[in-house]
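Dropping a prediction and its sequence here:
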Amino acid sequence: MKFTAFPILLAAILSIGAVDAPSHPFSSGALKAAQSAGRPILVDAFAPWCPTCRAQAPTISAISSDPAFRNLLILRLDYDHQAAEKKALGIRQQSTLIAFHGNREVGRSVGVTDPAQIRMLAARALR
């Protein structure tokens, strides 16, 4: 039996959730600008191969379209390709979420997929 469809299937599986969460690409400049403006920010350390990240994505997507979170800036950090940025933020694992209110970190979670807990973390950035 040949597995000629396997690469296509694997690519499809890995892409699930990759675009579910409307967010902005992470950059140190974008983070600093938002922090300087005193904005609420949620940093999402995402890897497309990570099942936990994909489980978080629908909740983050829902938050991004919820009027209660309209001022929240969601920045998606590419866990596999932004090593310096990851190190600067102290991110050691994909599926890390960090909430900031301006320059102040107000919460952090790793591997949390419970929608209520993710929403509570994001809400802390708004205070």
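Noted; the coordinates are in hand. Numbering: from 1, shown residues only.

Following the chain onward from the helix or strand of the chain with the lowest mean pLDDT, which element is next?
Here the helix or strand of the chain ranked lowest by mean pLDDT, DSSP states H and E is helix 6-15, holding a mean of 40. Note on helix 6-15: by DSSP states H and E, the next helix or strand toward the C-terminus is strand 24-25.

Name the strands paired with that next one and say parallel or antiparallel.
strand 73-78 (parallel) (DSSP bridges).

Now the partner strand: average pLDDT?
Across strand 73-78, the average pLDDT comes to 98.

likewise stretch 112-127?
97.

can you check stretch 89-106 too?
pLDDT averaged over stretch 89-106 gives 98.

what about it, start to end distance?
Taking Cα to Cα, to the nearest Å, the first and last residues of stretch 89-106 lie 13 Å apart.

Identify each buried residue in that stretch, please.
89, 91, 94, 95, 96, 97, 98, 99, 100, 101, 105, 106 (16 or more other Cβ atoms under 10 Å). Backbone N, C-alpha and C define where each C-beta goes, glycine included.

okay, the residues you listed in JSON lines with secondary structure next?
Below are the buried residues of stretch 89-106 laid out as JSON lines (DSSP: H, G, I helix; E, B strand; the rest coil):
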{"residue": "89", "secondary structure": "coil"}
{"residue": "91", "secondary structure": "coil"}
{"residue": "94", "secondary structure": "coil"}
{"residue": "95", "secondary structure": "coil"}
{"residue": "96", "secondary structure": "strand"}
{"residue": "97", "secondary structure": "strand"}
{"residue": "98", "secondary structure": "strand"}
{"residue": "99", "secondary structure": "strand"}
{"residue": "100", "secondary structure": "strand"}
{"residue": "101", "secondary structure": "strand"}
{"residue": "105", "secondary structure": "strand"}
{"residue": "106", "secondary structure": "strand"}
